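Visitor: Below are the sequence and a predicted model for it; my questions follow.
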Amino acid sequence: MSLVSYIVVLLMFWMISFFISLPIGVKVSEHHEKGFANSAPDKTNLKTKVIISFLISFIPASLIYWVIEKNLLDNFFNNYIL
């Protein structure tokens, strides 16, 4: 697995975990200012969500990288699939 492949896998896991974490902890204001959407949150905590999503996605991406580099699935594909 090349570095580019690892980055692509990491970004896929990051996007999934980031979009899952977006609605967590968001509180909508009861007093809306004129010109803003009624559903606009007070505080989104995007920096925290980006960092936590990266840390969460780093684990499965690294696990997949390790499995591919160690050729752990070669025997499975040779014996059962083919």
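Guide: Now that the structure is in, tell me what you want to look at. Numbers count the residues shown, from 1 in each chain.

Visitor: which strands and helices sit next to the longest helix anywhere in the chain?
Guide: Longest helix of the chain, by residue count under DSSP state H: helix 46-69. With contacts defined as 3 or more Cβ pairs under 8 Å, 6 or more residues apart in numbering; DSSP states H and E, helix 46-69 has these neighbours: helix 3-21. From N, CA and C alone the C-beta is placed, and that goes for glycine too.

Visitor: Convert the C-alpha atoms of the longest helix of the chain to CSV, please.
Guide: This file holds the C-alpha atoms of helix 46-69, laid out as CSV (Å, rounded to 0.1, in the frame of the first residue of the first chain):
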residue,chain,number,x,y,z
LEU,A,46,-15.5,22.5,14.6
LYS,A,47,-11.8,22.5,15.7
THR,A,48,-12.5,19.9,18.3
LYS,A,49,-14.6,17.8,16.0
VAL,A,50,-11.9,17.9,13.2
ILE,A,51,-9.2,16.8,15.6
ILE,A,52,-11.3,14.0,17.3
SER,A,53,-12.4,12.7,13.9
PHE,A,54,-8.8,12.6,12.7
LEU,A,55,-7.8,10.6,15.8
ILE,A,56,-10.7,8.2,15.4
SER,A,57,-10.1,7.6,11.7
PHE,A,58,-6.3,7.1,12.3
ILE,A,59,-6.9,3.8,14.1
PRO,A,60,-8.9,1.9,11.4
ALA,A,61,-6.8,3.4,8.6
SER,A,62,-3.6,2.3,10.3
LEU,A,63,-5.1,-1.2,11.0
ILE,A,64,-5.9,-1.6,7.3
TYR,A,65,-2.5,-0.4,6.3
TRP,A,66,-0.9,-2.9,8.7
VAL,A,67,-3.0,-5.8,7.4
ILE,A,68,-2.2,-5.1,3.8
GLU,A,69,1.5,-4.6,4.4
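
Visitor: Give the buried residues for that helix.
Guide: 49, 53-54, 56-57, 61, 64-65 (16 or more other Cβ atoms under 10 Å).
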